[in-house]
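**Student:** take this sequence and fold it.
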Amino acid sequence: MSDMREPSVISDATRQTLKYVAVSDPDLSLERFPDFLIVGPQRTGTTWLHAHLRYHPDIMLSEPKELFFFSSLKTVGSSRFGSNELAHYLQFFREPLWRVAMRHAISLWRYRELYRPKIRGEATASYAVLDRDIISDITALKPGIKVILMIRDPVERAWSHAKKDLMRNRRRRFEDVAPSEFDWFLGDPYQRRCARVTENIDNWAACLQAGHLLVALFDDIDTQPEALLLEVMSFLGVRSDRRYVSREVRTRVNPTVKSEMPARYRCFLEDLLRDDLAQLRERFGLSWPPQSGGRLDDQPAAKDERFILALRRR
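**Tutor:** Numbers count the residues shown, from 1 in each chain. The predicted structure is shown next:
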């Protein structure tokens, strides 16, 4: 799979540059290191994208979906942390025979062809906010890695995340959640990092090879999901064909209850994220003005050669 020009064994020089990833086995092969990552942050469509790429016969995705390996490297002792050993991470890209047999069966049923993966990938939403030093460890291990960064109106994303964690996941109604809980959640430092979309794009673009970052908009999942999927396939270098686009492509994945955001929280978020929203508008021409009903307003902006903005040409 992937670019055969990249070394399959970690060199001493590469090992010495790693700040957070540990490599205890000098003969550890990089053959199973992922060729691409799908990153979020949460509630931006990463689950939808994973669901519609997971059965493409050219693609192998890790099981489970979210591994949290790189996002937990600075929080040793947290519930997400399993190990900082690269060998631990790579085990999730080893397919047992029963899974390969299942993928063959699914591929034959869906497409009348066998499962022959050319690339491996992982989808962990929280990787979107990784610091540059962690990203540098990733690119040291896989210089040619590609990344799909999903983005969404920061205000709507934060509210959707709050509904999921405070209401849906706890089986509560809006009126069961105290305002102080919403205030705490929306003001949490992690939520603030999720809203810094421009900074997150810059961090990834600074470390990846030019053209290896695809920034995709949540809005396109609603308006043109087929075109978005085909562009993602093309970006990854696998067969971009409508036969690999599911008939359920317009069905919502991992939804929360659709409800109007209370004015109190909208005003709070718009004020809290004012600078982040301004940077998105000024740098990339992206905004979601209230007068348009929250629909994306995509204006011309200076082209940034470091990354690709899906379905838009700048």
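**Student:** going by C-alpha atoms from here, please, whenever you check contacts or count neighbours.
**Tutor:** Fine.
**Student:** what number of residues are in the vicinity of the residue lying closest to G144 once chain neighbours are set aside?
**Tutor:** Leaving aside its sequence neighbours, G144 sits nearest to Q209 (Cα to Cα, 6 or more residues apart in numbering; 6.7 Å). By the criterion of other Cα atoms under 10 Å, Q209 has 16 neighbours.
**Student:** from E282, how far out is Q209?
**Tutor:** Distance, Q209 to E282, using Cα to Cα, to the nearest Å: 24 Å.
**Student:** just to revisit the earlier point, thought the residue nearest to G144 was touching P143?
**Tutor:** Yes: counting by Cα atoms under 8 Å, Q209 does reach P143; the two are 7.4 Å apart.
**Student:** so what's the spatially most central residue of the chain up against?
**Tutor:** Centroid-nearest residue in the chain: V39, 1.5 Å away (criterion: Cα atoms, centre = their mean). Listed by Cα atoms under 8 Å, 6 or more residues apart in numbering, the contact set of V39 reads T46, A123, T124, A125, S126, Y127, A128, V147, I148, L149, M150.
**Student:** swap in L228?
**Tutor:** Listed by Cα under 8 Å, 6+ apart, the contact set of L228 reads A216, D220, I221, A310, L311.
**Student:** and what of L217?
**Tutor:** T44, M150, I151, R152, A310.
**Student:** do you know how far it is from L86?
**Tutor:** Taking Cα to Cα as the measure, L217 falls 31 Å from L86.
**Student:** kindly report the same for I308.
**Tutor:** From I308 to L86 the distance is 29 Å (Cα to Cα).
**Student:** residue ranges with poor pLDDT in this protein?
**Tutor:** 1-7, 291-294, 313-314 (pLDDT under 70).
**Student:** so what's the gap between the longest helix along it and the chain middle?
**Tutor:** When the chain is parsed with DSSP state H, its longest helix is helix 97-111. Helix 97-111 sits 25 Å away from the centroid of its parent chain (Cα atoms, centre = their mean, to the nearest Å).
**Student:** so for it, what gets flagged as buried?
**Tutor:** Across helix 97-111, burial judged by 16 or more other Cα atoms under 10 Å covers R103, H104, A105, I106, S107, R110.
**Student:** and what of stretch 281-291?
**Tutor:** Neighbour-count burial for stretch 281-291, with 16+ other Cα under 10 Å as criterion, is recorded at R281, F284, L286, S287, W288.
**Student:** let's see which of these end up in helices.
**Tutor:** In this view, those that belong to helices under DSSP H are R281, F284.
**Student:** and the furthest pair within the buried residues of stretch 281-291?
**Tutor:** Maximum pairwise distance in the buried residues of stretch 281-291, criterion Cα to Cα, is 12.5 Å, between F284 and W288.
**Student:** now do the helices in the protein.
**Tutor:** With DSSP H, the ranges of helices along the chain come out as 12-17, 46-53, 86-90, 97-111, 132-141, 154-162, 179-186, 189-195, 197-207, 219-223, 225-236, 263-272, 274-284.
**Student:** what's the end-to-end length of stretch 280-298?
**Tutor:** This stretch, stretch 280-298, spans 11 Å end to end (Cα to Cα).
**Student:** need the residues that contact that stretch.
**Tutor:** Under the criterion Cα under 8 Å, 6+ apart, residues D153, V197, T198, D219, L277, Q299, P300, A301, A302 lie in contact with stretch 280-298.
**Student:** the same query, at a cut-off of 7 Å, please.
**Tutor:** D153, T198, Q299, P300, A301 (Cα atoms under 7 Å, 6 or more residues apart in numbering).
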